[in-house]
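>>> Any chance you can model this:
(one chain, ligands or ions: 1)
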Amino acid sequence: MLAAFRDAPHGRRFEVVRKLRRALAQPAPDATGDCFDIGEFKSFEQFETKYRILATELGYEGKVPAPGEMDFLHAMVDRDDIRHPGGIGSRDYFFLTALVSILAPRRVVEIGTLTGFSAAIIAAAIHRQHDGAGLPSGRNGITVETIDVQTRCLIDETRATGFEIPELIPDLVSTVQVHTGKESDFVRELGARNEFGLAFIDADHRHPWPLLDVLRLEPYVQDGGWILLHDIKLGTYGRDQRQTGQAPEGDTPYGAEWLFDRWPFRKIRSFHIGAIELPSRRDALIPFALRLMEEPFEVTGKAAKRVRRALYQSLTDLV
Ligand SMILES: C[S@@+](CC[C@H](N)C(=O)[O-])C[C@H]1O[C@@H](n2cnc3c(N)ncnc32)[C@H](O)[C@@H]1O
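Coordinates of the predicted model:
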């Protein structure tokens, strides 16, 4: 509470601490949440079967893939040999496609663009559901807003972040807007509260960045909406690799994994990728967030201080 007092916006400190205290006094939700594990989407045959199971789980019993969806996925898999590193793999984009196709959101916000691969996958799935029709006016037909802190693509600085989008979805380029040099708080410039049907977080995986991204995005995600998290097994994967004497490629932080595992509300896992459902009472996120913030930060130094302050700012916006 002392930290909350110190980092809350000036002029609202006592109010914030009082409200956080009240939120903490609420009965704690089930410690681990109700997790439905659909397993990996390993093949095209599994895509169709698991699609139906996922649809039933999400309350859309009988829904099947849209026309053209399988052809698009085949085309993506055929590109696997020329894929750029860093983007989501086929098992994950099968799940991503199924989720977007079933929920059929009109607008999605993504954190972590890189080449634009996952943004293109999302845009294609939205298009197949709505065929460009009925998009909110004033948004110029943009269905995917994708945000990345880097202006030049992290894996190839000679190219702009999001460079792959025109190659992957030439007919739908205008439906994706790339915002670079920005973080998740930029979402407030992109939509109204409760506007997005789905959010995808695939950016800085070091604890507590994924938590901060969730808290910043959630006001802009519809009631009962879902937030998708990538790399929810990354920490364990790195630990297992090291235990068998192998050196994992790159860092393997636990941020997304801890967030997903401890999410106390409904959630769906498909191996490395998982979706968390927002609770109907958003202030129920406060005790969960404060508890997760007690885990040692994987972000260090001045950056840790900045992230902690931003977390309290987001919590303040919740109360
Ligand atoms: C794993 S890549 C994203 C891959 C992409 N979603 C895909 O599957 O095609 C992570 C991206 O997040 C960006 N990033 C890292 N920290 C960020 C932050 N705090 N806010 C926004 N973007 C961030 C990086 O610049 C990088 O491009």
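
>>> Dump stretch 225-237 to CSV, keeping only the CA atoms.
In CSV, the C-alpha atoms belonging to stretch 225-237 read as follows (Å, rounded to 0.1, in the frame of the first residue of the first chain):
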residue,chain,number,x,y,z
GLY,A,225,-14.0,-10.0,-24.1
TRP,A,226,-10.9,-12.0,-24.4
ILE,A,227,-7.2,-11.1,-24.3
LEU,A,228,-4.8,-13.5,-26.0
LEU,A,229,-1.3,-14.0,-24.6
HIS,A,230,1.6,-15.5,-26.5
ASP,A,231,4.5,-17.5,-25.0
ILE,A,232,2.7,-18.7,-21.9
LYS,A,233,5.2,-21.5,-21.4
LEU,A,234,8.4,-19.6,-22.2
GLY,A,235,9.9,-19.5,-18.7
THR,A,236,9.4,-23.3,-18.2
TYR,A,237,10.7,-24.0,-21.7
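
>>> That one: which residues count as buried?
Residues 225-235 are the ones in stretch 225-237 that count as buried (16 or more other CB atoms under 10 Å). C-betas here are computed from N, CA, C, even on glycine.

>>> before we move on, what about stretch 37-57?
Counting neighbours by 16+ other CB under 10 Å, stretch 37-57 gives 38, 40-41, 46-47, 50-52, 54-55 as buried.

>>> So is stretch 229-239 next to the ligand?
No. Judged by CB under 6 Å from any ligand atom, stretch 229-239 makes no contact with the ligand; its nearest approach is 6.7 Å.

>>> ugh, wrong one, stretch 192-207
Yes. Judged by CB under 6 Å from any ligand atom, stretch 192-207 comes into contact with the ligand at 202-204.

>>> so how far is Leu99 from Gly86?
Using CB to CB, to the nearest Å, Gly86 is found at 21 Å from Leu99.

>>> neighbours of the nearest residue to Cys35 once chain neighbours are set aside, just the number please.
Closest residue to Cys35 apart from its sequence neighbours, by CB to CB, 6 or more residues apart in numbering: Lys267 at 5.0 Å. As a burial measure, Lys267 scores 22 neighbours (other CB atoms under 10 Å).

>>> In its sheet, which strands sit next to the lengthiest strand in the chain, and in what direction?
In the chain, with assignment by DSSP state E, the single longest strand is strand 221-230. Sheet pairing of strand 221-230 (DSSP bridges) gives strand 196-201 (parallel), strand 273-277 (antiparallel).

>>> which other helices and strands contact the helix or strand hosting Asp240?
Using DSSP states H and E, Asp240 maps to helix 234-243. Packing partners of helix 234-243 (3 or more CB pairs under 8 Å, 6 or more residues apart in numbering; DSSP states H and E): helix 255-262.

>>> For the helix it packs on, list every residue counted as buried.
Buried residues in helix 255-262, counted by 16+ other CB under 10 Å: 255-261.

>>> Would you map the helices across the stretch 151-300 of the chain?
If you assign secondary structure with DSSP state H, counting those that start in this stretch, the helices in the stretch 151-300 of the chain sit at 165-168, 209-217, 234-243, 255-262, 285-292.

>>> Is the ligand within reach of the fourth one?
Think helix 255-262. No. Counting by CB under 6 Å from any ligand atom, the ligand is not contacted by helix 255-262; separation bottoms out at 10.5 Å.

>>> Please identify the residues of the stretch 51-200 of the chain in proximity to the ligand?
86-88, 111-115, 117-118, 147-150, 154, 183-184.

>>> Please repeat the previous calculation with a cut-off of 8 Å.
86-88, 92-93, 110-119, 121, 146-150, 153-155, 161, 164, 182-184, 200 (CB under 8 Å from any ligand atom).
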